[in-house]
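**Q** would you be able to build a 3D model of this:
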Amino acid sequence: MEITLYTIKGKPEAYISEENDNAIYLWSGHAVCYLVNDKIFGWRGKHIGWFINGIIYDLKGSRVGYTKETCPYAVYAEYAKYAKYAKYAKYAKYASYAKPAFSTKDSELGLVNFLSQNKV
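**A** Numbers count the residues shown, from 1 in each chain. As a prediction, this is how the structure comes out:
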C-alpha cells in the first residue's frame, strides 16, 4: 500500500511505500528517506522529522506535509508516478531528537526539499 503525501497547498509530491520498508519516494521515483515508527530518517541516517497522525513535522515542530485526510486545502488529483529506482543501502541511524511542541505553523522548507535533505 502507498500513502500519498501532499504539500501545504495540496499538491502530491511524495509517497510512503509500505511494501518497501516504509521508504518515502518522491514522485520522480527516487527513495529519499524512510519511516521508523513515527520518526523520519534521511537515507544517510540523520533524523529529519516526524510523521504523526497524517502530518509531517520538521525538527522545529512546523508542518511540512500532509496526507489527503489531513491537508488543510483541497488536494490535487494524483498523476502517474514514475517507476521506482533501486534504493541505496541505508546508513546507520543517528540518535533521534527530542520531540518539540508541534504547532500549526507551516514550515518554510517545501516538502521535496525537506524529504531530500539527507538523501544519498
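**Q** helices of the protein, start to end?
**A** Assigned by DSSP state H, the chain shows helices spanning 111-116.
**Q** middle-most residue in it, spatially?
**A** residue 115 (5.2 Å; CA atoms, centre = their mean).
**Q** is that residue in contact with residue 26, as I believe?
**A** Yes. Applying CB atoms under 8 Å as the test, residue 115 and residue 26 come out as touching, 6.8 Å apart. Every residue, glycine included, has its C-beta placed from N, CA and C.
**Q** hey, what's in contact with both of these two?
**A** 14, 32 (CB atoms under 8 Å, 6 or more residues apart in numbering).
**Q** which residues touch residue 17?
**A** 2, 23, 24, 25, 31, 84.
**Q** what does stretch 68-82 rub up against?
**A** 4, 6, 8-12, 15, 25, 27-29, 53-55, 66.
**Q** and that stretch, end to end?
**A** Taking CA to CA, to the nearest Å, stretch 68-82 runs 20 Å from one end to the other.
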